[in-house]
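Trainee: sequence-free structure coming up:
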């Protein structure tokens, strides 16, 4: 696959673009999310949120600094938008969060303005850094350094609630039985519920977890596809309000 270009038929199947309208698609630039699990900002603006009809218009909107991702203005139309990212439309004040969807894989849902500064991140790795501090490496490429005593209480695959403005941890949830888990990949993507069983293997990420949804459906997935989101209830909004059935412009 070319490194700088992407043909439409090679793009992830869940991208909301037609393979017959044109030859080329926008290839995400290197960033916090990999190509297969992210959406270029231009496609989000044009094909999902429908704030533009053409790529030229989408590039204009983004270049003018009208779109924020995680509280930062992004002017790169190829910027990769991924799981749990917070999207803000500056002129209108609308805010969306990117969450897993059973058929669309990754989709924005509207959230309140007061929730725009909070993001739930999964701990992918922990490293010791200079000064005896522990650095949490999060799923979106974000790094947070903590004193050893505080950082040592977190484990990989746990989730932390991050204040985007101050880049600090506000709360955390352990990956354990009884917590709420959200499936973020695989054939059961988009399902969430209480974790009722965890079967460990010699490779932790390849272990199996069982969740039970609100309607009693039992879902099995590998631990690597599971994202813990809360205890009794999610720490952030992961489902659209009942009165909201569609994204702006659809």
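Mentor: Everything's here; your move. On a predicted model such as this, the values are computed, not experimentally measured, just so you know.

Trainee: only C-alpha atoms from now on, for both contacts and neighbour counts.
Mentor: OK.

Trainee: give the contact list for residue 40.
Mentor: By Cα atoms under 8 Å, 6 or more residues apart in numbering, the residues touching residue 40 are 26, 27, 28, 29, 77, 78, 79, 80, 81.

Trainee: cutoff 10 Å now
Mentor: 15, 25-29, 76-82 (Cα atoms under 10 Å, 6 or more residues apart in numbering).

Trainee: next up, phi/psi of it, please.
Mentor: phi -60, psi 140 (degrees, to the nearest 10).

Trainee: buried sites along the longest strand along the chain?
Mentor: Of all segments of type strand in the chain, defined using DSSP state E, the longest is strand 118-129. Across strand 118-129, burial judged by 16 or more other Cα atoms under 10 Å covers 118, 119, 120, 121, 122, 123, 124, 126.

Trainee: what is the nearest of those residues to residue 34?
Mentor: Checking those against residue 34 with Cα to Cα, the nearest one is residue 124 at 14.1 Å.

Trainee: residues in contact with residue 72?
Mentor: Contacts here follow Cα under 10 Å, 6+ apart; on that basis residue 72 touches 65, 86, 87, 88, 164, 165.

Trainee: which residue is nearest the middle of the chain?
Mentor: Closest residue to the average C-alpha location of the chain: residue 83 at 0.9 Å, with Cα atoms, centre = their mean.

Trainee: coming back round to it: other SSEs contacting the helix or strand just after the longest strand of the chain?
Mentor: As assigned by DSSP states H and E, the chain's next helix or strand after strand 118-129 is strand 133-138. Under the contact definition 3 or more Cα pairs under 10 Å, 6 or more residues apart in numbering; DSSP states H and E, strand 133-138 sits against strand 118-129, strand 143-146, helix 148-151, strand 159-163.

Trainee: in strand 133-138, which residues are buried?
Mentor: Across strand 133-138, burial judged by 16+ other Cα under 10 Å covers 133, 134, 135, 136, 137, 138.

Trainee: what's in contact with that strand?
Mentor: Applying Cα under 10 Å, 6+ apart, the external contacts of strand 133-138 come out as 32, 120-129, 142-152, 154-160.

Trainee: ok, and the closest non-adjacent residue to residue 163?
Mentor: Sequence neighbours aside, residue 118 is the residue nearest to residue 163 in space, at 5.0 Å (criterion: Cα to Cα, 6 or more residues apart in numbering).
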